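1. Sharing a model prediction with you, sequence too.
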Amino acid sequence: MNIRLRHDAIVRCLRRNGTMTVDRLAKEVHASRRTVLRDIAALRDQGFVIQSETGRGGGLQLDPQSVQTTPRLSVAEVFALLISVSAMRAARSLPFSNLADAGLAKIERALPPDKVRDLRRFLDCLHVGQLSPLQDLSNIGVMDAELLSAFETAFLQRQRLRFRYRDANGSETGREVEPHAMLILPPLWYLVAWDPARRDFRHFRMDRISRPTCLEGPAFRRRHVPFEDDVCPYRDLQR
């Protein structure tokens with residue numbers, strides 16, 4: 001479990017149970033006592049009011065008001081909301097679109113300037129189009145929950161991405177690529193990446209990607225992605 005998911009799990013546990021000991025929290029989130037104490041300190045820095053009571057029956061308590069009044073959204077979380085809205089819009093199945101756009105604009109205004117810059121760079125990598133009616137949709141799988149956080153690092157820092165990929169025949173191979181774009185053809189989602197081994201762009205269905213890992217090293221150079229005319233960049237972020 002990565003740090004962000006573990007923080008979310010700790011908040012959920014405290015909200016659900018009221019008072020919990022550090023040892024019980026550690027067991028719930030499958031982490032060490034030291035890690036949980038470090039996470040509690042980080043959550044307090046983010047604005048969550050977590051109180052400690054010593055003695056019999058004591059433990060950690062979360063002030064529920066702090067959760068309601070101090071929402072902390074990461075770039076990846078806001079991006080997830082934006083691409084969900086854009087995917088529904090591309091599929092022509094987004095009711096109340098004006099309300100959705102207004103809500104997203106409010107979220108953007110609440111972000112600090114550096115996060116807005118990251119978000120816009122992230123959105124520059126997003127493209128949306130229409131899926132061919134001849135596409136076989138009988139074998140769509142579930143996307144790995146770790147993908148978006150890995151994409152955030154890979155795209156913003158231009159780091160290579162390593163993952164396992166399962167092709168249409170079920171054969172699995174290891175791939176190491178330079179991620180350049182995300183393509184949404186509802187209901188299918190693709191990672192568009194330069195494959196150094198094949199010296200060409202490749203499209204990887206996200207529901208066939210597993211175990212994504214960002215690789216440290218020099219940033220790769222940007223390349224022009226040759227999209228078709230019916231694929232457009234998503235640029236609906238408020239300016």
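-> Good, I have the coordinates.
2. in this structure, which spans are helices?
-> Assignment of helices within the chain using DSSP state H yields the ranges 3-17, 22-29, 33-45, 64-69, 75-90, 97-110, 113-123, 147-157.
3. Ok, which of the ones you listed comes nearest Leu183?
-> Leu183 sits nearest to helix 75-90 of all the helices of the chain, at 10.7 Å, using Cβ to Cβ. All C-beta atoms are positioned from the backbone trio N, CA, C, and that covers glycine.
4. And the contacts of the closest one?
-> Residues outside helix 75-90 that contact it (Cβ atoms under 8 Å, 6 or more residues apart in numbering): 4, 94, 97, 100-101, 104, 107-108, 111, 115, 118-119, 122-123, 126, 128-130, 148-149, 151-152, 156, 182, 184-186, 189, 234, 236-237.
5. gap between the one residue sitting closest to the centre of the chain and Cys125?
-> Centroid-nearest residue in the chain: Leu148, 3.0 Å away (criterion: Cα atoms, centre = their mean). Leu148 sits 12 Å away from Cys125, taking Cβ to Cβ, to the nearest Å as the criterion.
6. Check Glu108 too.
-> Here the criterion is Cβ to Cβ. By it, Glu108 lies 17 Å from Cys125.
7. What count of nearby residues applies to Ala80?
-> For Ala80, the count of nearby residues is 15 (other Cβ atoms under 10 Å).
8. Start and end of stretch 126-135, how far apart?
-> Distance across stretch 126-135, first residue to last, is 21 Å (Cα to Cα, to the nearest Å).
9. Buried residues in the strand ranked longest in the chain, which are they?
-> Longest strand in the chain, counting residues (DSSP state E): strand 172-185. Residues Arg175, Val177, Glu178, Pro179, His180, Ala181, Met182, Leu183, Ile184, Leu185 are the ones in strand 172-185 that count as buried (16 or more other Cβ atoms under 10 Å).
10. Now do it against helix 147-157, angle only.
-> 80 degrees (axes from the mean of the first three to the mean of the last three Cα atoms, to 10 degrees).
11. ok now strand 172-185, how far from the chain's centre?
-> 15 Å (Cα atoms, centre = their mean, to the nearest Å).
12. by how many degrees do that strand and helix 113-123 diverge?
-> Strand 172-185 runs at 100 degrees relative to helix 113-123, counting by the same axes, to 10 degrees.
13. List the pairing partners of strand 172-185 within its sheet, with orientation.
-> Using DSSP bridges, strand 172-185 pairs in its sheet with strand 126-128 (parallel), strand 160-166 (antiparallel), strand 188-195 (antiparallel).
14. Just tell me which of the ones you listed ends up closest to Arg24.
-> Arg24 sits nearest to strand 160-166 of all the strands paired with strand 172-185, at 34.7 Å, using Cβ to Cβ.
15. quick check: domain ranges of the chain?
-> Structurally, the chain divides into domains by automatic domain parsing as follows: 3-69, 75-233.
16. Next, format those domains as CSV and append mean pLDDT.
-> Shown next, in CSV, are the domains of the chain (pLDDT from 0 to 100):
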stretch, mean pLDDT
domain 3-69, 85
domain 75-233, 85
